[in-house]
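Trainee: Have a look at this fold, sequence not included:
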């Protein structure tokens, strides 16, 4: 059975443009693959705690030495990592806020970036430990950033995902969403067409 893991991070939850694009992709994907199971993680509706000293210490404390409170912290992270491992493909709904990824998504990344679990260090550098699988990222932006130095998202997401072993990454962009209704309409139309092309490859 196919399992899609959808990770949303829009402040507007289901009303966010990035979420709606991801929902469209998943709806069309599910029509073509009726056996697909979808798991949705809405990081704005259910935010994770940001990484702090207590949580980081829990992650690096050997299993047999963890306190009860540390076990609870690690169990939350373990579940997030298990969801990634079980997924056939991963879908990110990714808005841009203040030139970066949403803070709730950064908190999620800090919970799944764990040495010995999703990556390891070797003499030749870090190696990702997740089995590679398709990752689809639906990026919604108010202005025009693609191909400029201000596009901090594309390189960051590719680099992090490769760090944990995920290199099959495809982006669909919807830009200029705050530059007038005509621009918004055209951009969303183009994004929807690209989603259709993804599904018909």
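Mentor: On my side now, so go ahead. Here the structure is a predicted model, which means the values were calculated and not measured.

Trainee: Report pLDDT for residue 33.
Mentor: At residue 33, the pLDDT value in this model is 89.

Trainee: thinking it is in contact with residue 2, fair?
Mentor: Yes. If you go by C-beta atoms under 8 Å, residue 33 and residue 2 touch, sitting 5.3 Å apart. C-beta coordinates here come from the backbone N, C-alpha and C atoms, glycine included.

Trainee: you'd agree residue 126 is in a helix?
Mentor: No. Secondary structure of residue 126 (DSSP: H, G, I helix; E, B strand; the rest coil): strand, not part of a helix.

Trainee: what about it, distance to residue 112?
Mentor: Taking C-beta to C-beta, to the nearest Å as the measure, residue 126 and residue 112 are separated by 14 Å.

Trainee: Could you do residue 79 as well?
Mentor: Residue 79 is 10 Å from residue 112, by C-beta to C-beta.

Trainee: Please name the bridge partners of the nearest residue to residue 86 once chain neighbours are set aside.
Mentor: In this structure, residue 86 finds its nearest non-sequential neighbour in residue 3, 5.9 Å apart by C-beta to C-beta, 6 or more residues apart in numbering. On the basis of DSSP bridges, residue 3 is bridged to residue 37.

Trainee: Make sure residue 3 is actually in contact with residue 39.
Mentor: Yes. With contact defined as C-beta under 8 Å, residue 3 counts as touching residue 39 (6.6 Å).
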